[in-house]
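**Student:** Structure for this input, please:
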Amino acid sequence: MSLCFLQSVDPEVPAPKTSAPALQKPKFCAPVRETCVACLKTVYPLERLVAHQHVFHKNCFCCVHCNTKLSLGNYASLHGNIYCKPHFNQLFKAKGNYDEGFGHRPHKQLWDVTK
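**Tutor:** From the prediction side, this is the model:
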């Protein structure tokens, strides 16, 4: 939610003669505070990091498996979780697919109507 302050209108100054109603333009709008998706605290511009349209603190952007601090160049994301590349590869190799290796139901079970 942003808070806007409207430009005040001086009653001494005559309004311009137009057929359209006079619109007041915002003079100042307070910035919207962004929150980190990991810790849910306010993120300030110097500590802001955006990955997959989510805002993080630089210190909160870490692997969910080993807690290693990551950067935009050395991470992988799957199902909303952030992984370092070594653990992403390790978990993928464990079962050979993106579902079972990461603790989700196998893709074949999602389409099996008999179960």
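**Student:** Below-threshold pLDDT in this protein: ranges please.
**Tutor:** 1-26, 28-31, 94-115 (pLDDT under 70).
**Student:** The same query, at a cut-off of 90, please.
**Tutor:** 1-33, 52-53, 77-81, 87-115 (pLDDT under 90).
**Student:** That one: strands as residue ranges?
**Tutor:** In the chain, the strands defined using DSSP state E lie at 4-6, 26-29, 34-35, 42-43, 48-51, 54-57, 75-78, 81-84.
**Student:** What is the fifth one packed up against?
**Tutor:** Counting contacts by 3 or more C-beta pairs under 8 Å, 6 or more residues apart in numbering; DSSP states H and E, strand 48-51 is packed against strand 54-57. (Each C-beta comes from the backbone N, C-alpha and C, glycine too.)
**Student:** Neighbouring strands of the strand it packs on in the sheet, and parallel or not?
**Tutor:** According to DSSP bridges, strand 54-57 forms sheet pairs with strand 48-51 (antiparallel).
**Student:** contacting residues around the strand it pairs with?
**Tutor:** 34, 55-58, 61, 72, 75, 77, 82 (C-beta atoms under 8 Å, 6 or more residues apart in numbering).
**Student:** If you count neighbours, what's buried in it?
**Tutor:** L49 (16 or more other C-beta atoms under 10 Å).
**Student:** Please apply the same query to stretch 67-84.
**Tutor:** 70, 75-76, 82-84.
**Student:** and the two most separated of those?
**Tutor:** Largest separation among these by C-beta to C-beta: L70 and A76, giving 9.4 Å.
**Student:** Find the residues that touch each one of the two.
**Tutor:** Common neighbours of L70 and A76, counting by C-beta under 8 Å, 6+ apart, are 82, 84.
**Student:** Reformat the strands of the chain as CSV; add distance to F92.
**Tutor:** Compiled in CSV, the strands of the chain are given as follows (distance: least, C-beta to C-beta, whole Å):
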stretch, distance to F92
strand 4-6, 48
strand 26-29, 45
strand 34-35, 31
strand 42-43, 30
strand 48-51, 19
strand 54-57, 22
strand 75-78, 9
strand 81-84, 9
